[in-house]
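Trainee: Here is a sequence together with a model predicted from it:
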Amino acid sequence: MKTTSLLLASLSILAANAVNAASISGQGTWESTLQGRDLDGDLNTFEAYYDTDLNITWLADANYAGTKMNWVDANAWAAALNPYGSNITGWRLPTVSPIDGTTADDETVSWIGTEDRGYNVSAPGTFYAGSTASEMAHLYYNTLGDKGYCNPTTSTVSSCVTQSGYGLSNTGPFSNVVQSSLYWSDTEYAPLTTAAWEFDTYSGNQGRLGKIYSSYAWAVHSGDVGVATSASTVPIPAAAWLFGSGLLGLIGVAWQKRK
């Protein structure tokens, strides 16, 4: 009896952690602002998500390319993409625009989201809260509700105060989001044309990286593409259901041992 209780308790903890690692209900706006879209002809699955805030469509698989690439190759890959044989072309990498609408590519780094470089770009509670200037930053801070390394309320323009729980805790309905790596944007870094803008999913930092280096590429498409279905609301990721099935099986084994 004691062994069974311990097993069930452990499985409950593992189940919670498994689900939270993929999606956290109530964190961010993803449950209301992301709408599932079919690309492969199977209306029971979503291969993309339309982002109603940004008016773009994200591929559901954040590593559909399956490899890291330099900036030139990443842009070429996205431009040539025909995902799942959908005949939907015109894909690109996420864009970075000036957060204040007039000045971009500033060499100044901000810890509280007042510059294009740094942390908390568009994060809730900041001066530019909810800004859509950086598509990756908006997804990270607003749609998924993840936290940057620096606390936006206690840090200053020139100093960082770290906060607990920073990093990619919530990936929403997306799969294969690398929790500790850089993702390319499609935007060149103007003060240093050998570099381009990138976003760090580990710390929530937006910065620059030399174009020759390899990073991940996440394809997006302007506007709403793909097929909307009657079940276009965001589902629980398949991994959670698979884990649940395994959990029920283990509970069944434990129950049999009690007899």
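Mentor: In hand now; what should we look at? Residues are numbered from 1 along each chain as shown.
Trainee: dump the residue contacts of the residue lying closest to residue 52 once chain neighbours are set aside.
Mentor: Excluding its sequence neighbours, the residue lying closest to residue 52 (C-beta to C-beta, 6 or more residues apart in numbering) is residue 33, at 4.9 Å. All C-beta atoms are positioned from the backbone trio N, CA, C, and that covers glycine. Contact criterion C-beta atoms under 8 Å, 6 or more residues apart in numbering gives 51, 52, 53, 143 as the residues in contact with residue 33.
Trainee: Highest neighbour count among the residues you listed?
Mentor: Compared across the contacts of residue 33, residue 143 has the highest neighbour count, 26 neighbours, by other C-beta atoms under 10 Å.
Trainee: In the stretch 1-150 of the chain, mark out all the helices, start to finish.
Mentor: Under the criterion DSSP state H, counting those that start in this stretch, the stretch 1-150 of the chain contains helices at 2-22, 30-33, 71-79, 135-138.
Trainee: how many neighbours does the closest residue to residue 201 other than its chain neighbours have?
Mentor: Leaving aside its sequence neighbours, residue 201 sits nearest to residue 168 (C-beta to C-beta, 6+ apart; 4.7 Å). Residue 168 is surrounded by 20 other residues when neighbours are defined as other C-beta under 10 Å.
Trainee: Check residue 44 too.
Mentor: Using other C-beta under 10 Å, residue 44 is surrounded by 8 other residues.
Trainee: try residue 217
Mentor: Residues near residue 217, counting by other C-beta under 10 Å: 28.
Trainee: Tell me the pLDDT of the spatially closest residue to it that is not a sequence neighbour.
Mentor: With C-beta to C-beta, 6+ apart as the criterion, residue 217 has its nearest non-adjacent residue at 3.9 Å, and that residue is residue 74. Per-residue pLDDT puts residue 74 at 98.
Trainee: same thing with residue 158?
Mentor: We have a pLDDT of 82 for residue 158.
Trainee: pretty sure it contacts residue 111?
Mentor: Yes. Using C-beta atoms under 8 Å as the test, residue 158 is close enough to residue 111 to be in contact (7.4 Å).
Trainee: who has more neighbours, these two?
Mentor: Between residue 158 and residue 111, residue 111 has the larger neighbour count (other C-beta under 10 Å), namely 24 against 10.
Trainee: List phi and psi for that one.
Mentor: For residue 111, the backbone dihedrals are phi -90, psi -10 (criterion: degrees, to the nearest 10).
Trainee: Pull up the gap between it and residue 72, please.
Mentor: In this structure, residue 111 lies at 31 Å from residue 72, with C-beta to C-beta, to the nearest Å as the measure.
Trainee: Check residue 98 too.
Mentor: Residue 98 sits 23 Å away from residue 72, taking C-beta to C-beta as the criterion.
Trainee: before we move on, what about residue 182?
Mentor: Separation of residue 182 from residue 72 (C-beta to C-beta) stands at 16 Å.
Trainee: And these two? Which one has more around it.
Mentor: When residue 182 and residue 72 are compared on other C-beta under 10 Å, the one with more neighbours turns out to be residue 182, at 18 against 11.
Trainee: Is that one in contact with residue 214, as I believe?
Mentor: No. With the criterion set as C-beta under 8 Å, residue 182 and residue 214 do not qualify as a contacting pair; they are 9.2 Å apart.
Trainee: so where's the stretch 151-259 of the chain shaky on pLDDT?
Mentor: Along the stretch 151-259 of the chain, the model assigns pLDDT under 70 to residues 231-259.
Trainee: ranges for the helices of it?
Mentor: For the stretch 151-259 of the chain, the helices identified by DSSP H, counting those that start in this stretch occupy 238-258, in order along the chain.
Trainee: which ones are touching the nearest residue to residue 185 once chain neighbours are set aside?
Mentor: Spatial nearest neighbour of residue 185, chain neighbours left out: residue 197 (4.1 Å); criterion: C-beta to C-beta, 6+ apart. Neighbour list for residue 197: 96, 116, 134, 184, 185, 187, 188, 189, 206, 207, 208 [criterion: C-beta under 8 Å, 6+ apart].
Trainee: burial of the second one, as a residue count?
Mentor: Residue 116 sits with 28 neighbouring residues when counted by other C-beta under 10 Å.
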